[in-house]
Structures are given as structure tokens and as C-alpha cells.
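Asker: task: produce atomic coordinates for the following.
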Amino acid sequence: MTVALYARVSSQRQTNTQTIDQQLDRLRVRADESGVPQAACLVFRDDGYSGTSLRRPGLDALRDAVASAEVERVLITAPDRLARKYVHQVLLLEELERFGCVVEFLDRPMSHDPHDQLLLQIRGAVAEYERTLIAERMRRGRLAKLRTGTLLPWTRVPYGYRVDLDRPRDPSGVQIDPAAGAVVQEIFARYLADGATLGTVVATLKQHGALTAHGRRHWSRSSLRWMLRNPVYLGQVYAYRTYSRPARQRHSPLQPIGRQGTTLELAARETWVLVATIPPLISQELFDQAQAKLAQNREQARRHLITGEYLLRALVSCGVCGYTCKGCQKPPRYTYYMCAGKVPGRPEHPEGRCPARYIPAPALDDLVWQDLCEVLTHPESIAQALERAQAGAWLPQELQARRTQLQSGMEHLARQIERVGDAYQAGAMPLAEYRHRRQTLDERLHALERQRQQLEAQVDQHQAVTQVMASIEGFCEQVQRGLAQATFAQRRQLVELLIDRVIVTNGDVEIRYVIPTSPASTHVRFSHLRTNYLLLFSAVAS
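Answerer: Residues are numbered from 1 along each chain as shown. Coordinates of the predicted model:
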């Protein structure tokens, strides 16, 4: 007779304390008592697998062996080792017995007697309750440690940081990785550059040879977006910031609907738990600018515009209810700006829709463009403000901080190269490993050197542009030259630069202008650098 011995533990700690070997020792003793030689015993074990799931390699192998008539008897210490849920226990027992296999539990022997079957049901329910109780206790204990700041919530250390290997969950051991930290600062700076997108940042990182946290050369846009939104780079470690939900869309139409996986989502801000503070990599100002640009790009994305060209796309607001107006087209080919409050169920209009009328898009576009040309042609009202904003040379503090961080990262890599060379000369490292480590360190050092060179070029560019744009007359003359012959794309670029909002209240139109106070601001939309603007004034036309 061939006997199968099945043992399971659900945690790595139980595996390390030899709990599973103790189960197998008891099962072997029972097999000996039954006269079964050790050679006729097949061992199936699941180390570190939860009993609440049926997806276990050892259990799958046991079921396959029973189905192929290789096993006639199965020995298990207790029913909860087979499964934690009573429904799973019944399913497995029926399956094994259907193939003529006898299942025997050491601690709780069972038979087909109705009393034993009732006892099995009760014990299965108790085991399931015990599992739920243990999970809840662990959750509460973990939450208590998080609130007291003694436990890091990370399953993986964020890119740009490193932890103490002896205390990987201790917040006090978190430090900035000099090389990776420089890459993080480069990502934020590149994204906020003139005309930059997530795609251009990906291309720049690939060109510099910067490696991801997994050592790959290819960066994904979604990873960069999560990094730009992660407050950990401000030095704030939060728990319960994200949660997983089933994906609503498949990655490919070739995949079955049931295999779409999960998607990571941001939880509500009030549910976040501040665990600890760590050394920051970027400033609050830079982080806020990145969030503003991400939000603006999402709002003004071309995918939201399905019909026509709208000069004031995503810049028009309804003065009645305050909602943004979106472009729409009505038959035959009339284009309008329509208040989003027209959709029923808005809080401002619980009993109906916004009463504001549709705004003819061509008329509003022409009105705003003519007013903008008038302001640029007669800039006396803004000359004094721009002169104050352009006074003196300008070198952002963020560039200085990045320069210091890059230098620190290069010095850190140089020391690592020196230590690797010393280890190889002392015979503590084989030649193949030395070459691999040296090549990796050289690539990271060269990537930082290229970033340093481009940073210095960027500093020179800022200083040169400041001198060119020193006077308001030069700025206005430069803009005025192309007003009459401006294409739609050029008009749109100028509107994004100089207009914050166009508010339409029935027959009144309020245009809120913004004036750039730095040369770099002449190439970046107002919403991306809101704190870099000094003057905000309104002009009303009707």
C-alpha cells in the first residue's frame, strides 16, 4: 500500500522553526505503527502556504497522485492542515474518496458516522473563525505599530532610498541612496521643464543610462507617474495610501475576461496614516508644481476632445455654478462651450440642470483673442510689475540642490568602485563578479556625469534667457510680431501661457490674465508654475 503524508504551515516563521518537520515525524510514526515501510510513503508538503487557498503546489501534486491511483491512503495531522475553510475540506475529502483513497487525521479521526460528520463541520467552522480572528489581530497589531512609527509599511523600498539591512522595517534606518536620489531629482526637474512629458522623461532616462529599481533600462510612464505623485520624496511615509481593486479593462483583447488582474488605486486622503518622516529628496514647492502639471495634463488631454478645435479648451468656467465648460458640437456643425452642470444630479442643481445657456465657441474664441491682442499691444498696465519680476539674475535653488546631490552621488559611486577594486585585489571576489560589479558602477557613474553636464548647461541657459528678457518692451515686441499671422497652434500656446480662466456668466465674460515673472515662465503654462507669477488681473468684456 502506498501512503501519502501531507503537511502544511502558513508562515515563513513556522517553516523556520521546523513545525512542518514535526508534523512529518508524527505522520511517519503513524505509518510505522500501521506496518507501512518508509519506502512506500510519499511526502507532500506546502511550506508557507495559507490554508484558505486551494492553490498550493504540494496539495496539487497530492490530488494528481490520487487521481492517477498512485496513492491509496493519505495521512494528515488535522483537518485544518488540509484546509482552513469547511467548504474546501468537504470538497477535497469528497474528491479523494471518489478515487478510492482513505483520508486519516491523527488528531481528530473521522468516520462516516453522522456524529463525526457534524463534528467535522463544527471544527471546520471553528478553524475558519480562528483564521479570521488571527488575521484581524495581526491587522490591528500592525496598525498600532504603524501609528507609533515603529514599522515601515513598505513591501519594497521606494526608489531613491535604502534601509538598514539589519533593521529593514525600522524608519530610523532609512537613508537617501546618493546615486538613485540624484535620478529622482532629475525626474522631477525634467518633467517640469519646458514642453516636457512623461514620454520625454522616459527617453531622457534611457539616454542617460539610468537603471530602474529592478536594474532595467526601460522606464514606464506609469512608474514615473506614481513616483511624481508619491509624497515619500517629501520625506513623508504613509501607510494605507493605496489599495488594490480588480482591473476594469484588459491589457489585451486576446486575454480572457477573468484574467485582467488588479489595479493599484489611491485611497481617500483622510484614510492615510502618517508613519514617520525621513530625509526628503525634493522640496514642497517642486512637488506641488509636479502635481499641478499632472492634473492639468489630465484635464487638457487631447483624448477628452472628440470634435472640433477649441481655442479655450479646458480654460472656460461657468459663472453660474462654477463648473468647467467643455467643448461640444450640435447639428449641423455648431460648436459650443457647455457647462458640465448640464448633467443631472449635480449638488448645485439637485432638481435639474444648470440654467446657463450654451456658449458659441467661435464668438467666445474671437472675443478673447482680440482682448488678448489688445493687452499685448498696450502693455502699460503690466510694465511695472514685469520690471520688478525680471530684476536681477535668477538661479533656482532647486538647481543648486541638484548640483550638490549629483556631486554626492558621484563621490559615493567612486568610493564603491574603490572598495570593489580592493576586494578583488585581496582575493575576496572572483574576476567575473568583479567585472560585473565594476561595469554596473561605471555605467551609473557615467549616467550621473551626463546629468551633471546637462545641469550646468541648463544653468547657463537660465542666465542667458534672463538677460535677453530683461525688459517688458522686448517681451511684448517679440510676441506682437506674430499676432496677426499666428496659426491656431500658436494662438493656443499663447492663450495657455497668459490666461488663467475665462468665466462666462450669461452675457458677461471675465478674462483672468497672468503675467510671467521669469524667462522660463514664458514657455510653461500658468497652472504648472502658479507661484512664479506675480500679477493676476481681470478684464471684463460683454
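Asker: only C-alpha atoms from now on, for both contacts and neighbour counts.
Answerer: Noted.
Asker: what about the closest residue to Gly209 other than its chain neighbours, how many neighbours?
Answerer: Excluding the flanking residues, the one nearest Gly209 by CA to CA, 6 or more residues apart in numbering is Ala447, at 5.6 Å. Using other CA atoms under 10 Å, Ala447 has 21 other residues around it.
Asker: what sits against Ala447?
Answerer: Listed by CA atoms under 8 Å, 6 or more residues apart in numbering, the contact set of Ala447 reads 208-210.
Asker: could you list which of those belong to helices?
Answerer: Within the contacts of Ala447, residues falling in helices by DSSP state H are His208.
Asker: closest one to Ala193 out of the contacts of Ala447, please.
Answerer: His208 (16.7 Å; CA to CA).
Asker: the closest residue to Ser283 other than its chain neighbours - how many residues pack around it?
Answerer: Nearest residue to Ser283, sequence neighbours excluded (CA to CA, 6+ apart): Leu234, at 6.4 Å. If you count neighbours by other CA under 10 Å, Leu234 ends up with 18.
Asker: the one 4 residues further on now?
Answerer: Each residue near Tyr238 was counted by other CA under 10 Å, and the total is 22.
Asker: with the one 5 residues further on instead?
Answerer: The local packing of Tyr243 (other CA under 10 Å) involves 12 other residues.
Asker: need phi/psi at it.
Answerer: Dihedral pair for Tyr243: phi -150, psi 160, per degrees, to the nearest 10.
Asker: thought it was touching Glu265?
Answerer: Yes. Applying CA atoms under 8 Å, one finds Tyr243 in contact with Glu265, separated by 5.5 Å.
Asker: related to what we said a few turns ago, next, the contact list for the residue nearest to Ser283, please.
Answerer: Leu234 makes contacts with 279-284, 287, as judged by CA under 8 Å, 6+ apart.
Asker: if you rank the contacts of Ala447 by neighbours, which is first?
Answerer: These, ranked by neighbours (other CA under 10 Å): first place Ala210, 25 neighbours.
Asker: can you tell me the SS state at the most centrally placed residue in the chain?
Answerer: With distances taken as CA atoms, centre = their mean, Trp226 lies nearest the centre of the chain, 2.8 Å away. Secondary structure state of Trp226, per DSSP: H, G, I helix; E, B strand; the rest coil, is helix.
Asker: quick one: it from Leu286, how far?
Answerer: Trp226 is 15 Å from Leu286, where distance means CA to CA, to the nearest Å.
Asker: ok, Leu413 next?
Answerer: Taking CA to CA, one finds Leu413 at 26 Å from Leu286.
Asker: can you tell me the SS state at Val514?
Answerer: strand.
Asker: hmm, it is touching Glu496, no?
Answerer: No. Judged on CA under 8 Å, Val514 makes no contact with Glu496 at a distance of 9.8 Å.
Asker: buried residues, the helix or strand hosting Asp442. List them.
Answerer: In this assignment (DSSP states H and E), Asp442 forms part of helix 431-468. Of the residues in helix 431-468, those with enough neighbours to count as buried (16 or more other CA atoms under 10 Å) are 434, 438, 441, 444-445, 447-449, 451-452, 455, 462, 466.
Asker: for stretch 210-229, same thing?
Answerer: Buried positions in stretch 210-229, judged by neighbour count with 16+ other CA under 10 Å: 210-212, 217, 219, 224, 227-229.
Asker: wait, doesn't Leu151 sit right on Ala144?
Answerer: No. With contact defined as CA under 8 Å, Leu151 does not reach Ala144; the gap is 9.2 Å.
Asker: who has more neighbours, those two?
Answerer: Neighbour count, other CA under 10 Å: between Leu151 and Ala144, Leu151 has more, with 20 against 13.
Asker: give me phi/psi at the more buried one?
Answerer: Note on Leu151: its backbone torsions stand at phi -140, psi 130 [degrees, to the nearest 10].
Asker: need the pLDDT of the residue nearest to Gly209.
Answerer: pLDDT recorded at Ala447 is 85.
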